[in-house]
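Just to be clear, the model below is a prediction. Sequence and coordinates:
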Amino acid sequence: MGKLYSILFNKCPKCSKGSFWKSNNPYYNLFFKAGENHSKCSNCELKFEIEPGFFYGAMFVSYGLGIGLGSIILIIALAVFQFKNIVALTAIIGLSILILSPVNYYLSRLIWLNAFIDSKN
Ligand SMILES: [Zn+2]
């Protein structure tokens with residue numbers, strides 16, 4: 001199992017078996033599990049927070065995902081729909097980033113962790 005599997009299915013980057021987040025649902029995880037992840041893998045005992053403050057680095061990934069989302073919406077709005085109302089476009093992009101922020105948060109940590117830990121298989 002590769003990194004993509006770990007990121008998309010909330011699995012440990014090393015063994016692909018134990019879960020990283022407490023819930024597989026980004027919204028449920030953020031609002032009902034306080035946005036917390038397991039401290040270690042239930043299968044291989046891998047400590048997820050490699051060093052204190054490790055997950056602060058996920059902010060860089062989060063920034064990239066947000067810019068990526070905004071760019072995709074902008075390109076689709078301009079190229080496909082020829083939508084040129086800049087105020088409405090700004091609102092649409094802002095709202096999309098806001099609504100998808102739990103997904104962004106969820107994926108950021110998984111991507112960040114996968115960048116540092118290699119899978120065994
Ligand atoms: Zn594991």
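Cool, got the structure. This structure is a prediction, so every number in the text was calculated from the model and none was measured.

contacts and neighbour counts: CA atoms only from here.
Will do.

Which element, helix or strand, includes the spatially most central residue of the chain?
Central residue of the chain (C-alpha atoms, centre = their mean): Leu107, 1.3 Å from the mean position. According to DSSP states H and E, Leu107 maps onto helix 101-116.

Now do the buried residues in that helix.
Neighbour-count burial for helix 101-116 flags 101-114 (criterion: 16 or more other C-alpha atoms under 10 Å).

Same check on stretch 35-44?
Neighbour-count burial for stretch 35-44 [16+ other C-alpha under 10 Å]: Gly35, Asn37, Lys40, Cys41.

Quick one: neighbours of the residue nearest to the last one when sequence neighbours are not counted, just the number.
Right, Cys41. Counting by C-alpha to C-alpha, 6 or more residues apart in numbering, Cys41 lies nearest to Gly18, which is 5.2 Å off, once chain neighbours are set aside. Neighbourhood size, Gly18 [other C-alpha atoms under 10 Å]: 20.

ditto for Ser6
Neighbours of Ser6 using other C-alpha under 10 Å come to 24.

and the helix holding Leu107, average pLDDT?
Helix 101-116 shows a mean pLDDT of 96.

Not counting its own residues, what contacts it?
Contact partners of helix 101-116, identified using C-alpha atoms under 8 Å, 6 or more residues apart in numbering, comprise 3, 6-8, 10, 13, 20-21, 26-27, 30, 48, 55, 57-59, 61-62, 65-66.

Surely Ser119 is in contact with Pro13?
Yes. Counting by C-alpha atoms under 8 Å, Ser119 touches Pro13, with 5.7 Å between them.

any common contacting residues for the two?
Gly2, Lys3.

Looking at these two, which is more packed in?
Between Ser119 and Pro13, counted using other C-alpha under 10 Å, the more crowded position is Pro13 (30 against 14).

Name the SS class of the more buried one, please.
coil (DSSP: H, G, I helix; E, B strand; the rest coil).

if I pick it, what's in contact with it?
Neighbours of Pro13 in contact, by C-alpha under 8 Å, 6+ apart: Gly2, Lys3, Ser6, Ile7, Leu113, Asn114, Ile117, Asp118, Ser119.
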